[in-house]
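need a structure here:
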Amino acid sequence: MRSRAKSEGRGGERGSILAVSAFGMLAFLLAVGLCVDISHFYVVRAELQNAADAAALAGASALNSKPGGIAQATARATALMNNYEFNQTGVTIGDENVTFAVNFDGPYMNAGAASAAGVAANVRFVQVEVPPKPVGVFFAGLARSGFDTANISAEAVAGMSVPPNVFCDWIPLSVIDDPAAPTLVPGQEYVIRGGPHGSVSPGNRQILAIAGSGASVVRENLARGIRECAKPGDIYEKDTKPGVNAGPVRDGLNTRFGDYSAGMSWEDFPPDVNVKEGITWEEYSNAKPGTEHWQSPGGGMVGVENRRVVVLPIIDINEFDNGRDTVAFWKFVAFFLKSRVPGGSGGDITAEYIGERFIFGTGGYIPGGGPVNPQLAQPVLYR
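All right, here's what the predicted structure looks like:
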């Protein structure tokens, strides 16, 4: 009798252990499922944030202190964002999801308000907000009835960097000025390559032989730009280039207008997106396809925005002597090429001084590295 009762008690214990094990296994599976759902949320959230960051940077890269830059920033941000796909579905944002501000902490305004007279010139930041996106869940829905989706959103702010004093995208021509009495005025044209009349000094025409002095080197450096970082105060020994160099200068600069008469390739040296000649920086900045100030490059060429904007050094007029001279860079500024260089030996080549803050080129800031250029910036992700 005693042995039989003992056996029956152990059988009851085995049943209890089986039930506890079943509930434990279910809880374990739900916990694993929740971890899977949470991991999925994090992946989708990271993808969404990366896209918002990229869209904000794309928008900020178009800021140019003009109403046209506001419109272009909106178009770039929405186009880039709408090309992304998350959780195998697309996310679409509209113009209302792209806002602008003068200061980082706002207030942020829509494109219409940012384009108003006197406002666009001060806009420095672009904010992209991605509306809540439903992400499907599975295991969490089993644990809680009706919980089959979760909303995930993202926000990013990008804008202009601090003014740089290091420049890594410039051309080997120069403007001569007197630091004691600067004369540069926004909207005015200045000589960036002197004609054959000794305007600077006998034999020199404001050309720099930074990466070599041969005709092909000059041509390619003017078509592509110097890939060497420089800053105000840098000294270049015997790096001025005597002579007019009419052909190489013309061939290099004119690629930016889609002119490849020298046999250069547009794939290597692309034209600007707008090759309309005779327009000002103001007109270029606000031009749109199909308007009187717009002309797309022909022949199937794909243009690059702002190719007609060139950054070059200012050199003290008292330092530019004849022959191969040693010069120091005073500062770097941006100019706009209004028209192609004509044929022949050529006279003065001029460009319009921009003098407004906008995002262009590559570079950075080094503490103690020389004066900054408050007119230039790079796109920076702030949040």
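
got the residue ranges for the helices in this structure?
2-60, 67-81, 111-114, 139-143, 215-224, 246-254, 281-286 (DSSP state H).

how close does Arg227 get to Ala52?
Distance of Arg227 to Ala52, given as C-beta to C-beta, to the nearest Å: 31 Å. The way it works is simple: take the backbone N, C-alpha and C, and place the C-beta from them, glycine included.

More neighbours: the two, which one.
Ala52 (28 against 11; other C-beta atoms under 10 Å).

Surely the more buried one and Pro131 touch.
No. Shown here, Ala52 and Pro131 do not form a contact pair, counting by C-beta atoms under 8 Å, at 11.0 Å.

And the pLDDT for Arg8?
Let me fix one detail, which is that residue 8 is Glu and not Arg. With respect to pLDDT, Glu8 scores 52.

My error: substitute Asn245 in the last question.
At Asn245, pLDDT is 83.

First-to-last residue distance for stretch 194-205?
5 Å (C-alpha to C-alpha, to the nearest Å).

residue ranges with poor pLDDT in the chain?
1-38, 40, 84-90, 135-150, 196-203, 212-213, 238, 322-324, 345-346 (pLDDT under 70).

domain assignment for it?
For the chain, automatic domain parsing gives the domain ranges 2-160, 166-376.

Of all these, which one is nearest Arg383?
domain 2-160 (4.3 Å; C-beta to C-beta).

Strands of the stretch 201-350 of the chain, start to end?
For the stretch 201-350 of the chain, applying DSSP state E, counting those that start in this stretch gives strands covering 204-208, 235-236, 240-242, 309-316, 327-336, 349-353.

Could you tell me how far the shortest one lies from the centre of the chain?
In this view, strand 235-236 has its centroid 29 Å away from the chain centroid, taken as C-alpha atoms, centre = their mean, to the nearest Å.

What of the third one?
Put simply, strand 240-242 sits 33 Å off its chain's centre (C-alpha atoms, centre = their mean).

Can you list the helices and strands that it packs against?
Applying 3 or more C-beta pairs under 8 Å, 6 or more residues apart in numbering; DSSP states H and E, one finds that strand 240-242 contacts strand 204-208.

List of residues touching the strand it packs on?
Contact with strand 204-208 is made by 172-176, 191-196, 200, 218, 236, 239-245, 249, 313, 315, 320-323, 325, 327, as judged by C-beta atoms under 8 Å, 6 or more residues apart in numbering.

What's the PyMOL syntax to select whichever of those are buried?
Of the contacts of strand 204-208, the buried ones can be selected in PyMOL as follows, counting by 16 or more other C-beta atoms under 10 Å:
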select buried, resi 172+173+174+175+176+191+192+193+194+200+218+236+239+240+241+242+244+245+249+313+315+320+325+327
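
Would you convert the strands of the stretch 201-350 of the chain into JSON lines that also reports distance to Glu283?
Listed next are these as JSON lines, based on distance: least, C-beta to C-beta, whole Å:
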{"stretch": "strand 204-208", "distance to Glu283": "26"}
{"stretch": "strand 235-236", "distance to Glu283": "35"}
{"stretch": "strand 240-242", "distance to Glu283": "33"}
{"stretch": "strand 309-316", "distance to Glu283": "14"}
{"stretch": "strand 327-336", "distance to Glu283": "10"}
{"stretch": "strand 349-353", "distance to Glu283": "11"}
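
can you pull the contacts of Arg307?
Contact analysis of Arg307 by C-beta under 8 Å, 6+ apart lists 256, 270-273.

In ChimeraX, how would I select the buried members of those residues?
Burial among the contacts of Arg307 is assessed by 16+ other C-beta under 10 Å; the matching ChimeraX selection reads:
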select :256,270,271,272,273
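
Need the max-distance pair from the contacts of Arg307.
Between any two of the contacts of Arg307 (C-beta to C-beta), the greatest distance is 10.8 Å, for Arg256 and Val273.

residues contacting the closest residue to Arg76 other than its chain neighbours?
With sequence-adjacent residues excluded and distances taken as C-beta to C-beta, 6 or more residues apart in numbering, Arg76 is closest to Ala58, at 4.2 Å. Residues in contact with Ala58 (C-beta under 8 Å, 6+ apart) are 76-77, 79-80.

next one: Asp95
Contacts of Asp95 (C-beta under 8 Å, 6+ apart): 74, 78, 110-111.

who wins for neighbours among these?
Thr74 leads the contacts of Asp95 on contacts (other C-beta under 10 Å) with 25 neighbours.

Run a quick neighbour tally on Pro379.
As a burial measure, Pro379 scores 19 neighbours (other C-beta under 10 Å).

distance of it from Val249?
From Pro379 to Val249 the distance is 31 Å (C-beta to C-beta).

Once you drop chain neighbours, what's closest to the residue nearest the centre of the chain?
The residue lying closest to the centre of the chain (C-alpha atoms, centre = their mean) is Ser61, at 3.8 Å. Nearest residue to Ser61, sequence neighbours excluded (C-beta to C-beta, 6+ apart): Pro379, at 4.6 Å.

which ones are touching Pro248?
Contacts of Pro248 (C-beta under 8 Å, 6+ apart): 215-216, 218-219, 222.

could those go into TSV alongside distance to Ala209?
Below are the contacts of Pro248 laid out as TSV (distance: C-beta to C-beta, whole Å):
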residue	distance to Ala209
Ala215	11
Ser216	13
Val218	8
Arg219	13
Leu222	12
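
Of those residues, keep whichever come out buried.
218-219, 222.

Rebuild the residues you listed as a markdown table, extending it with distance to Ala181.
Formatted as a markdown table, the buried ones among the contacts of Pro248 follow (distance: C-beta to C-beta, whole Å):
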| residue | distance to Ala181 |
| --- | --- |
| Val218 | 31 |
| Arg219 | 35 |
| Leu222 | 29 |
